[in-house]
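Peer 1: coordinates for the following, if possible.
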Amino acid sequence: MIDVAGKVVVVTGSLRPMTRQDVISFLEDRGAIVQNYVSARTDILIAGHKQLNLFEPDKRSQKYEAATSRIAEGQAITILSEEEFFNMVKKSQF
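Peer 2: Model prediction:
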């Protein structure tokens, strides 16, 4: 499981069946700092399944694009898929 304590985490897209507030509470309860935007401090981006632009299917969310751009510039950002995040949630329940 990824340790999120002290990490700056950004969420993009929908993470059903959890609400955004449930996701934020889960992360904050484990010591994460949750932001609404990607910055030089961002450590982790959680990309939900609905982070794609419905009108331009090849275009990802602005947060996702910002994270991949920063990664290309050398910033260490871990991108977690919805599946990886839910596996983390499940493991934390034991």
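Peer 1: CA atoms for contacts and neighbours, from now on please.
Peer 2: OK.
Peer 1: wasn't Ile79 part of a helix?
Peer 2: No. Judged by DSSP: H, G, I helix; E, B strand; the rest coil, Ile79 forms no part of a helix; its state is strand.
Peer 1: ok, how many other residues are close to it?
Peer 2: Neighbourhood size, Ile79 [other CA atoms under 10 Å]: 20.
Peer 1: so who does it touch?
Peer 2: Ile44, Leu45, Ile46, Ala47 (CA atoms under 8 Å, 6 or more residues apart in numbering).
Peer 1: quick one, strands of this structure?
Peer 2: Along the chain, counting by DSSP state E, strands occupy 8-12, 33-35, 44-47, 78-81.
Peer 1: got CSV for the ones you listed, with distance to Ile2 and mean pLDDT too?
Peer 2: Converted to CSV, the strands of the chain look like this (distance: least, CA to CA, whole Å; pLDDT from 0 to 100):
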stretch, distance to Ile2, mean pLDDT
strand 8-12, 12, 95
strand 33-35, 14, 98
strand 44-47, 10, 94
strand 78-81, 10, 93
